[in-house]
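**Q** Give me a 3D structure for the following:
(2 chains, ligands or ions: 2)
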Amino acid sequence: MTGDGKKLTTKLQLCGLRKSFGTNHVLRGVDLSIPTGRSLVIIGGSGTGKSVMLKCILGLVAPDHGSILVDGAETAHLDTRGRDRLMQKFGMLFQSAALFDSLPIWENVAFGLIHGKHMDRGDSRSIAIDKLKSVGLSEKIADLYPAELSGGMRKRVGLARAIATNPDILFFDEPTTGLDPIMADVINDLIVKCVRDLGATALSITHDMASARKIADEVAMLYEGQIIWQGPVDSLDSCDNPYVDQFIHGRADGPITTAA
Amino acid sequence: MTTTPATLSEETPPPCPAGGLCPLARRICVSVLDSCEAIGATILHLFQSCGRLTMFAGKAVLHAFLPPIYLRLVGRQIMDIGFYSLPVVGMTALFTGMVLALQSYTGFARFNAESAVAGVVVLSVTRELAPVLAGLMVAGRIGAAIAAEIGTMRVTEQIDALVTLSVNPFKYLIAPRVVAGTLMLPLLVLTGDIIGVFGGYLVSIYTLGFNPSSYLTQTWDILETIDVMSGLIKAGVFGLIVSLMGCYHGFHSDHGAQGVGAATTNAVVTASILILISNYILTQAFFS
Ligand SMILES: Nc1ncnc2c1ncn2[C@@H]1O[C@H](COP(=O)(O)OP(=O)(O)O)[C@@H](O)[C@H]1O
Ligand SMILES: [Mg+2]
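**A** Ligands and ions are numbered 1, 2, ... in the order given. Below you'll find the predicted structure:
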């Protein structure tokens, strides 16, 4: 638990992050910092590079330029061993949940414990079942396979997998996309609860404003490869940035031009 | 600045950059340059792919030997690649041996060399037909399955998820398949050798009226260790090729169902072609 009186340190910082795919300049100098224990939500239209930014932080995509600091240490060019150690701090919920089809649910949740932390299979199974319960799933589904679950349940399993190793930093890629509004709200509540219980720092990306308002302490907006606005979630409505204003109200006319 | 179609056609032909060339010559020039560019791009792409493939193969083999080794996964792949391919390889070998006896008998009868049938069957099966046909059948069965499975994992971000859970996909996905493929294909081919020779024996005895004991003696006398060994070594190489091609194309699959489909096709086609090419090279190395 981070007490309010404690001085806020920076958990994650991006400086001048750039990434292009050929002539497609996706990230054009992203600067961002997240204080320890806070939840930052990045909003932005589809295809603006939110997922690419997250993949750069996770080391799944190599950035062309810029630095990524985690707890003050540079992580952009780590070797395999350093990368493995860094990954232990991270938990990630993928947009499509990305559960392993060939493994039963409990082994999906326990995967990081068994293979990352080399824990005994029996012990990790009981931890996995605890984590499943904490996202509102019963023990009965532990031996089912991902293909047998609904979209909402898969998202919950993905969430349980992300929190299974008690990571310091949680990443959520569009956690509510593709869910009905009620299930989306359930997932939002679970995310808030899990982040609070772990005392983790959270970075989420979404274009669902209801979700952003619920999860976020702070909001940042990504547009044309840069962060054009960042501020506390309460100031979202009073902010005078025309891009943010257009995005949160979902208006077709404004400074943001939709790509052809 | 509104140009009507009439004024536009008056302005043509526009000033020619090549200067003085008639339109036809210019068109030929352009199309020659275009095709040069296409050929160059294809060659560059080919070299790039070869480089990528070599790097991939090196990494796959390296991770097959460096710990941690996922024995449980190797075991599962051994079942998938080895055990479940037995029916396909067995049927292929059986009927190949049978047809071989029939064909060589009718051929050799023309110059009274029927007694060579036993030798032709056993040498063709062990040296050539069992390894190559098993390799091609397994390329269709296993190469495609590997490419589809790994390609789907790529497209649905499961490979990314592996990395975020501190697991190296080369160790977890690729090394077990490559190890199982390289180990199991020789075993499959050994089984295929036996079944193929047995098929030839059945046809020779029951259809062609050979004497069983002299057929077996002829088979045994002509066979040398190198005949079987060369076939098994070929099989190991083919197993490596099939599993590597499946993994490589799946791992670099493009997004969407179409990407996975293309990866599957490419895996089977490249594996089959590489099997035929390396078969020639290995045969040359063994028997010349
Ligand atoms: N591996 C890749 N190769 C080439 N282009 C990519 C790749 N990943 C993403 N892109 C491109 O980057 C842009 C941003 O994609 P993405 O980050 O997924 O958007 P979103 O903000 O919706 O998550 C898109 O134009 C996409 O085509
Ligand atoms: Mg995205």
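
**Q** Okay, and the nearest residue to B:G97 once chain neighbours are set aside sits in which element?
**A** In space, B:G97 comes closest to B:G199 once its chain neighbours are excluded; the distance is 3.1 Å by Cβ to Cβ, 6 or more residues apart in numbering or on different chains. (C-beta placed from N, C-alpha, C; glycine too.) Assigned by DSSP states H and E, B:G199 belongs to helix B:175-206.

**Q** pLDDT averaged over that helix, what's the number?
**A** Mean pLDDT, computed over helix B:175-206, is 93.

**Q** what packs against the following helix or strand past it?
**A** Using DSSP H and E, the helix or strand that follows helix B:175-206 towards the C-terminus is helix B:212-222. Other elements packing on helix B:212-222 under the criterion 3 or more Cβ pairs under 8 Å, 6 or more residues apart in numbering or on different chains; DSSP states H and E are helix B:117-123, helix B:175-206.

**Q** what ranges do the strands span in chain A?
**A** A:10-21, A:24-35, A:39-43, A:65-70, A:73-74, A:90-93, A:169-173, A:201-206, A:218-223, A:226-232 (DSSP state E).

**Q** which stretch in those strands is the model least sure about?
**A** Among the strands of chain A, strand A:73-74 scores lowest, with a mean of 86.

**Q** Mind listing residues that contact that one?
**A** A:S67, A:I68 (Cβ atoms under 8 Å, 6 or more residues apart in numbering or on different chains).

**Q** ok so, going back, rebuild the strands of chain A as JSON lines, extending it with distance to B:S243.
**A** Putting the strands of chain A into JSON lines (distance: least, Cβ to Cβ, whole Å) gives the following:
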{"stretch": "strand A:10-21", "distance to B:S243": "30"}
{"stretch": "strand A:24-35", "distance to B:S243": "34"}
{"stretch": "strand A:39-43", "distance to B:S243": "40"}
{"stretch": "strand A:65-70", "distance to B:S243": "35"}
{"stretch": "strand A:73-74", "distance to B:S243": "38"}
{"stretch": "strand A:90-93", "distance to B:S243": "29"}
{"stretch": "strand A:169-173", "distance to B:S243": "32"}
{"stretch": "strand A:201-206", "distance to B:S243": "37"}
{"stretch": "strand A:218-223", "distance to B:S243": "41"}
{"stretch": "strand A:226-232", "distance to B:S243": "44"}
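
**Q** In contact with the residue nearest to B:G97, which residues?
**A** Here B:G199 is in contact with B:A93, B:L94, B:F95, B:T96, B:G97, B:M98, B:L100, B:A101 (criterion: Cβ under 8 Å, 6+ apart).

**Q** For the last one, give its distance to A:A76.
**A** Counting by Cβ to Cβ, to the nearest Å, the separation of B:A101 from A:A76 is 66 Å.

**Q** A:G178 now?
**A** 31 Å.

**Q** Which of those two has more residues huddled nearby?
**A** Between A:G178 and A:A76, A:A76 has the larger neighbour count (other Cβ atoms under 10 Å in any protein chain shown), namely 17 against 14.

**Q** Could you double-check that the more buried one lies in contact with A:H65?
**A** No: under the criterion of Cβ atoms under 8 Å, A:A76 makes no contact with A:H65, lying 9.1 Å away.

**Q** Is there a neighbour count for the closest residue to A:L78 other than its chain neighbours? I'd like the number.
**A** Distances taken as Cβ to Cβ, 6+ apart place A:L86 nearest to A:L78, at 6.3 Å, with adjacent residues excluded. Using other Cβ under 10 Å, A:L86 is surrounded by 18 other residues.

**Q** so who does A:L86 touch?
**A** Under the criterion of Cβ under 8 Å, 6+ apart, the neighbours of A:L86 are A:G59, A:V70, A:T75, A:L78.

**Q** run the last query once more with 10 Å
**A** Contacts of A:L86 were listed using Cβ atoms under 10 Å, 6 or more residues apart in numbering or on different chains, and they are A:L58, A:G59, A:V70, A:D71, A:A73, A:T75, A:L78, A:I169, B:S166.

**Q** repeat for A:A200
**A** A:2, A:11, A:36-39, A:89-91, A:162-163, A:166-170, A:194.

**Q** Right, I'll call it a day here.
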